[in-house]
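One predicted model, sequence on top.
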Amino acid sequence: MIPRGSILIIDDEFGPRESLRMIFQPFYEVFAAESGRKALDFLSRNRVDLVTLDLNMPGLSGFEVLREIKALQPDVEVVIVTAYGSLSNAQEAVSLGAGDFISKPYNVADIITTVSKCFARRRNNQKINHLMHQLRTLHSRMEEGDRNSLKGVK
């Protein structure tokens, strides 16, 4: 069985938060937070694969939360889901590490497709990182072998 990915939905409004939860629940393990502070507290104790994040929230702004999310879990995928979909907001979100940007109201098929693509990108990045680790390990072993073989030559 393929393990289900996990999603944290961060939105201060119950309706959008619950809507996203209902959309994703059949496919993923879903968590929700109604504020940036609660989300960051959750993320400091739990790992997730993907976060959906509203930009306009009381307290910490979505941009502040995005910065903190990336500090806590740099490899997590973040999809901005906001009613404040401007080019400058999208550019800033991407520059802070968001993987995608969706404006409210959204099309359900579009958000499912976007999240699926983000999960695929995360899996690919994890595979690449694993391969890079294996290559570094192999390289270190080869260098160690070269050093050991040279010790016998005088």
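Arrived safely.

ok, now which ones touch the residue positioned nearest the centre of the chain?
The centre of the chain sits closest to residue 77, judged by CA atoms, centre = their mean, with a distance of 1.8 Å. Applying CB atoms under 8 Å, 6 or more residues apart in numbering to residue 77 gives the contacts 49, 50, 51, 99, 118, 119, 121, 122. Where C-beta positions appear, they are placed from N, C-alpha and C, glycine not excepted.

Please list all residues in contact with the second one.
Looking back up the chat, that one is residue 50. Each residue near residue 50 by CB under 8 Å, 6+ apart is listed here: 5-8, 28, 76-79, 115, 118-119, 122.

Looking at pLDDT only, which of those scores worst?
The member of the contacts of residue 50 with the lowest pLDDT is residue 122, at 80.

how close does the residue nearest to that one when sequence neighbours are not counted get to residue 70?
Distance criterion CB to CB, 6 or more residues apart in numbering; nearest residue to residue 122, sequence neighbours excluded, is residue 77 at 5.1 Å. Distance, residue 77 to residue 70, using CB to CB, to the nearest Å: 11 Å.

Rank the helices and strands of the protein by mean pLDDT and give me the bottom one.
Using mean pLDDT, DSSP states H and E, the weakest-scoring helix or strand in the chain turns out to be helix 108-151, at a mean of 83.

Spatially, what comes nearest to residue 64 if we skip its sequence neighbours?
Residue 64's closest residue in space is residue 36 (CB to CB, 6+ apart), at 6.6 Å.

There's contact between the one you found and residue 67 in this structure, I believe.
No. Counting by CB atoms under 8 Å, residue 36 stays clear of residue 67, with 10.3 Å between them.

So which of the two has more stuff around it?
Taking other CB atoms under 10 Å, residue 36 and residue 67 do not tie; residue 36 has more neighbours (24 against 14).

for that one, phi and psi?
phi -60, psi -40 (degrees, to the nearest 10).

What pLDDT is listed against it?
pLDDT recorded at residue 36 is 96.

quick one, what contacts it?
With contact set as CB under 8 Å, 6+ apart, residue 36 has these partners: 10, 57, 59, 60, 61, 62, 64, 65, 68.

Checking my notes, the last one in a strand, right?
No. According to DSSP: H, G, I helix; E, B strand; the rest coil, residue 68 belongs to no strand; its state is helix.

Done for today, thanks.
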